[in-house]
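**Q** Need a 3D model of the following:
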Amino acid sequence: MLKSKTFLKKTRAGGVMKIVREHYLRDDIGCGAPGCEACGGAHEGPVLEPQPLDPASSLCPQPHYLLPDTNVLLHQIDVLEDPAIRNVIVLQTVLQEVRSRSAPVYKRIRDLTSNQEKHFYTFTNEHHRETYIEQKQGENSNDRNDRAIRVAAKWYNEHLKKMSADNQLQVVLITNDKKNKEKAIEEGIPAFTCEEYVKSLTANPELIDRLACLSEEGNEIESGKIIFSEHLPLSKLQQGIKSGTYLQGTFRASRENYLEATVWVHGDAEENKEIILQGLKNLNRAIHEDIVAVELLPKNQWVAPSSVVLHDEGQNEDDVEKEEETERILKTAVNEKMLKPTGRVVGIIKRNWRPYCGMLSKSDIKESRRHLFTPAEKRIPRIRIETRQASALEGRRIIVAIDGWPRNSRYPNGHFVKNLGEVGDKETETEVLLLEHDVPHQPFSQAVLSFLPKMPWSITEKDMKNREDLRHLCVCSVDPPGCTDIDDALHCRELENGNLEVGVHIADVSHFIRPGNALDQESARRGTTVYLCEKRIDMVPELLSSNLCSLRCNVDRLAFSCIWEMNHNAEILKTRFTKSAINSKASLTYAEAQMRIDSAAMNDDITISLRGLNKLAKILKRRRIEKGALTLSSPEVRFHMDSETHDPIDLQTKELRETNSMVEEFMLLANISVAKKIHEEFSEHALLRKHPAPPPSNYDILVKAAKSKNLEVKTDTAKALADSLDQADSATFPYLNTLLRILATRCMMQAVYFCSGMDNDFHHYGLASSIYTHFTSPIRRYADIIVHRLLAVAIGADCTYPELTDKHKLADLCKNLNFRHKMAQYAQRASVAFHTQLFFKSKGIVSEEAYILFVKKNAIVVLIPKYGLEGTVFFEEKDKPKPRLIYDDEIPSLKIENTVFHIFDKVKVKIMLDSSNLQHQKIRMSLVEPQIPGISIPTDTSNMGISEPEQKKKKLEK
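**A** Predicted coordinates:
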């Protein structure tokens, strides 16, 4: 049956266009109940259970299916995901509304409907002849959809009666809309609110905790005193933003101070790019990462960023007067120059809430159901939740979701979602770390795995089309020990004309991951492989990452090769790119490769190839450094794990060999060669990587630090900086150069991916290269897969597809990749920090030499070279007399009593694990030397680390 709707639309040119919309109605759409003869088994996908027995509801004792409306799906998804809730009918009307209102919830619903065990059935009511309804005149779309849901529920109940005479099956409507529920009951449809139904499931009391509390009035603090001003409606905000009264931006809460935040204003305007917000009322219930509208305050109310560290100590929950007093502390006397544009939040444009990990702070009131939850992320406020299982959740990591933040509540309201496990447990903490950094880490779904090649796999004739056979070449790979995802291999051989042929061969991942399929979408979403201390979260399934795409030795593998002809002075004479088949002759570690190069006794093909590569790499590196490339340093550490417990038993800084540098040089060269080629072919949509030059003010700290040691560091160009760092040597202080390079690293900007058609600054500052991209690691970076696809199209080895040449889609992809890379970096650091804590937990108290990296008003930040560990030594402690501190921002220096500290001074510190706060355990450092009465720890306790093995020679990355 065909329904059609005709309407007229005015075109831009002023003409009138007639539009006819056709809507097909069918009789053959199944109801989803197995054994229903009327439908004749016309069901697709997972179906409902014939006799749903669980869960037992005191309100509805007979077997029943649930039919939730849109708001229940949107707000109570945590309840629906619980294993206790099964046999749910999801209407097409509801699904379409959810899709337009919340993409994350829509994805979760799709996952539920494809889960066989949950028995969620999607019913296409909008195309079923008996359940389709048209919008009445004067009826808004919301009321029409509510009516459509009731019509479907009524049809279901009548339809199920036809199954058999004694059939007691019912369909129960779950709605939180008062009017909708009343109308349903009038029409004879069993209907309950989500809360009523969940509370009736007496066998599953824990479900009540997962209910989102949505009533804005009923659930508030009894005092009911209004604390915050009202948020303006979206229409007013949009008008205000258009007229310039308000500014739109991203709200960034401060980690240091819970009463302060900044808003990064969207748009290209130069002034007022960053607005400061201070005080509870001006923050007005915005939460980190929300998109907000702010109003600028008059200039006489502008403030300077506070230098006070303030954490929400959670005094009396709603003692706002005390907090107002704390706010007055913030307003330190400052000179005019330090004042920044200041504003207040007038409304929320988009909430960017996610489920938060953290711990329960149990209420002191006995039998209380209301408790505060403290998130692990310090930028998120505490959340009030109701739970009956507080005693069981104490000392455990849990997940909580925010439901809303009423005006009369000091904290937002939320509900319990999941219990992750015990605090400090390695599995639990790794899970927290991955969730908090938004690292996708669920096992790959069946849909994704279905696109993997069938085993056993071998290279076929079809695979060799448009591909060169290079299996005869003496190719080898050089990687860290234990590496299973080998992306790259190299070869070098002398040609008949006396020149050298050098090849970089990269795993051809894009051969296995085809554009647009589920495997491709999942890899793009993950963006990068994340390496934690003892776990790897792969971007692509293991069959590819550790097997078919890994260029292991003595097996045939598909590759993408970049081959140069060079003279002996490493000057490129010819470059060509080709898809290829290779067979690596050796998988070496950096140490093994170095041993071969150094050993006079070895003269086989692999070793000769390595020596040739090494010789050329040294010339390439020298030339790169002459151009102004920076050699920076960061104290990276590696843990030695106990083979039984997997606990860290030793910690050392990573050692770099010549062979590390050899591989790096050719990877850089391949990346630059490919960048030039894809930009030549696709000037508007090449995926490139740039590293912006830092603003001059970033270098202030480096210049001042060098000056305090009578050294001059020039920062006008990368070349000037590189030369200054090379000359900054001290015979009496050999470690100074490494410290300067570590400090220089902190001054740098983040390198980012971008689309060439959306930007005109391509320069890579750190590498002193005019153009750069990532081509050499497609197993662990999605950017490289896109670059492979672009290059394949450029050389005619593969065909293009629409998204590849759409610069806006590429720009969106780059945005996600940049976010994923940043989060992976933070997750890796958090993993190192957690393993460092485990290490010091078993080690006890240790004293070590350290160097000062930064001088603060009331503390020094130090680096301990032996462990590559950084920490803060505070000089003001609670309940202790405050020492006399004089801070000089110009030098910078800090005078404590009669001792002056400068950057790079050598000190001795005591390191111990402070577990007083279970949620945020931290490494605590105290000063041992120089001796300052009342500040330093007596020396005798500093010998507790003496029984350890003789100190290793400090090995730091150059």
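**Q** Near Arg526, how many other residues are there?
**A** Residues contacting Arg526 under the criterion other Cβ atoms under 10 Å number 22. From N, CA and C alone the C-beta is placed, and that goes for glycine too.
**Q** Against His808, how distant is it?
**A** The span separating Arg526 from His808 equals 22 Å under the rule Cβ to Cβ, to the nearest Å.
**Q** Mind telling me what element Leu702 is part of?
**A** When secondary structure is defined using DSSP states H and E, the element that contains Leu702 is helix 700-708.
**Q** what sits up against that helix?
**A** The contact list for helix 700-708 (Cβ atoms under 8 Å, 6 or more residues apart in numbering) reads 712-713, 715, 724, 728, 740, 743-744, 746-747, 854, 890-893, 902-904.
**Q** For Ser361, list each beta-bridge partner.
**A** Using DSSP bridges, the bridge partners assigned to Ser361 are Leu372.
**Q** what's the burial count for Asp520?
**A** Summarising burial for Asp520: neighbours were counted as other Cβ under 10 Å, giving 19.
**Q** Which residue is the nearest non-sequential neighbour of it?
**A** The shortest distance from Asp520 to any non-neighbouring residue, by Cβ to Cβ, 6 or more residues apart in numbering, is to Ile513 (5.1 Å).
**Q** need the contact list for that neighbour.
**A** Contacts of Ile513 were listed using Cβ under 8 Å, 6+ apart, and they are 451, 519-520, 523, 540, 544, 785.
**Q** returning to that earlier point: please state the mean pLDDT value computed over the helix holding Leu702.
**A** Helix 700-708 shows a mean pLDDT of 79.
**Q** Any idea how far that helix is from the middle of the chain?
**A** Using Cα atoms, centre = their mean, to the nearest Å, we find the averaged C-alpha position of helix 700-708 to lie 34 Å away from the chain's own average C-alpha position.
**Q** Kindly format the C-alpha coordinates of the helix or strand just after it as CSV.
**A** Next along the chain after helix 700-708, taking DSSP H and E as the criterion, comes helix 718-727. Coordinates of each C-alpha in helix 718-727 appear next as CSV, following Å, rounded to 0.1, in the frame of the first residue of the first chain:
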residue,chain,number,x,y,z
ALA,A,718,64.9,26.2,15.1
LYS,A,719,68.5,26.3,13.7
ALA,A,720,69.5,28.9,16.3
LEU,A,721,68.0,26.8,19.1
ALA,A,722,69.6,23.6,17.9
ASP,A,723,73.1,25.3,17.7
SER,A,724,72.7,26.9,21.1
LEU,A,725,71.8,23.6,22.7
ASP,A,726,74.8,21.9,21.0
GLN,A,727,77.1,24.6,22.4
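**Q** Check which helices and strands helix 718-727 sits against.
**A** Under the contact definition 3 or more Cβ pairs under 8 Å, 6 or more residues apart in numbering; DSSP states H and E, helix 718-727 sits against helix 736-746.
**Q** redo that, cut-off 10 Å
**A** Counting contacts by 3 or more Cβ pairs under 10 Å, 6 or more residues apart in numbering; DSSP states H and E, helix 718-727 packs against helix 605-627, helix 700-708, helix 736-746.
**Q** Select, out of these, the one closest to Glu386.
**A** When the helices and strands packed on helix 718-727 are compared for distance to Glu386 using Cβ to Cβ, the nearest one is helix 736-746, at 44.4 Å.
**Q** quick one: contacts of whichever helix or strand comes after the closest one?
**A** Elements were assigned by DSSP H and E; along the chain past helix 736-746, the next helix or strand is strand 752-755. Contacts of strand 752-755 with the rest of the structure, by Cβ atoms under 10 Å, 6 or more residues apart in numbering, involve 527, 682, 684-692, 759, 761-762, 773-774, 781-783, 786-787, 806-818, 821-822.
**Q** Give me the below-cutoff pLDDT ranges for the stretch 251-400 of the chain.
**A** Where the stretch 251-400 of the chain drops to pLDDT under 70, the residues are 268-272, 306-337, 364-367.
**Q** how about the strands in it?
**A** In chain order, the stretch 251-400 of the chain shows strands spanning 260-265, 274-278, 291-296, 343-350, 356-361, 370-375, 383-386, 396-404, with DSSP state E, counting those that start in this stretch as the criterion.
**Q** CA atoms only: put the second one into CSV for me.
**A** It stands for strand 274-278. Written as CSV, here are the backbone C-alpha positions of strand 274-278 (Å, rounded to 0.1, in the frame of the first residue of the first chain):
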residue,chain,number,x,y,z
GLU,A,274,40.5,32.7,26.3
ILE,A,275,38.1,33.8,29.1
ILE,A,276,38.7,33.2,32.8
LEU,A,277,35.9,32.2,35.1
GLN,A,278,36.3,32.4,38.9
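**Q** Tell me the buried residues in it?
**A** Neighbour-count burial for strand 274-278, with 16 or more other Cβ atoms under 10 Å as criterion, is recorded at 275-278.
**Q** All the strands of the stretch 1-150 of the chain, residue numbers only.
**A** With strands called from DSSP E, counting those that start in this stretch, the stretch 1-150 of the chain shows them at 2-10, 16-24, 64-68, 88-91, 120-123.
**Q** Rebuild the ones you listed as JSON lines, extending it with mean pLDDT and mean neighbour count.
**A** Shown next, in JSON lines, are these (pLDDT from 0 to 100; neighbours: other Cβ atoms under 10 Å):
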{"stretch": "strand 2-10", "mean pLDDT": "67", "mean neighbour count": "9"}
{"stretch": "strand 16-24", "mean pLDDT": "76", "mean neighbour count": "9"}
{"stretch": "strand 64-68", "mean pLDDT": "90", "mean neighbour count": "24"}
{"stretch": "strand 88-91", "mean pLDDT": "91", "mean neighbour count": "24"}
{"stretch": "strand 120-123", "mean pLDDT": "89", "mean neighbour count": "24"}
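**Q** beta partners for the nearest residue to Ala392 once chain neighbours are set aside?
**A** Leaving aside its sequence neighbours, Ala392 sits nearest to Asn419 (Cβ to Cβ, 6+ apart; 8.0 Å). Listed by DSSP bridges, the beta-bridge partners for Asn419 are Ile398.
**Q** re earlier: mind putting the strands of the stretch 1-150 of the chain in a markdown table, distance to Val509 included?
**A** Listed next are the strands of the stretch 1-150 of the chain as a markdown table, based on distance: least, Cβ to Cβ, whole Å:
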| stretch | distance to Val509 |
| --- | --- |
| strand 2-10 | 47 |
| strand 16-24 | 42 |
| strand 64-68 | 42 |
| strand 88-91 | 37 |
| strand 120-123 | 35 |
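**Q** of those strands, which approaches Tyr258 most closely?
**A** With Cβ to Cβ as the measure, strand 64-68 is the member of those nearest Tyr258 (37.1 Å).
**Q** for the helix holding Leu702, which positions count as buried?
**A** Buried residues in helix 700-708, counted by 16+ other Cβ under 10 Å: 701-706, 708.
**Q** same check, this time on stretch 413-425
**A** Using 16+ other Cβ under 10 Å as the burial criterion, the residues of stretch 413-425 that qualify are 413-421, 423-424.
**Q** Mark which of the contacts of helix 700-708 are buried, thanks.
**A** By the neighbour-count criterion of 16+ other Cβ under 10 Å, the contacts of helix 700-708 include these buried positions: 713, 715, 724, 728, 740, 743-744, 747, 854, 892-893, 902-904.
**Q** where do the helices sit along the stretch 551-700 of the chain?
**A** Secondary structure of the stretch 551-700 of the chain (DSSP state H, counting those that start in this stretch): helices at 590-598, 605-627, 658-681, 700-708.
**Q** can you list the domain ranges for the chain.
**A** Taking the TED database as the reference, the chain has its domains at 46-210, 227-307+338-352, 353-422, 844-929.
**Q** Show me which parts of the longest helix along the chain are buried, residue by residue.
**A** Of all the elements of type helix in the chain, the one with the most residues (DSSP state H) is helix 807-843. Neighbour-count burial for helix 807-843, counted by 16+ other Cβ under 10 Å, picks out 810-811, 813-814, 817-818, 820-821, 823-824, 827-828, 830-841, 843.
**Q** chain center to it: distance?
**A** Using Cα atoms, centre = their mean, the offset of helix 807-843 from its chain centre is 7 Å.
**Q** mean confidence for it?
**A** Averaged across helix 807-843, the pLDDT comes to 87.
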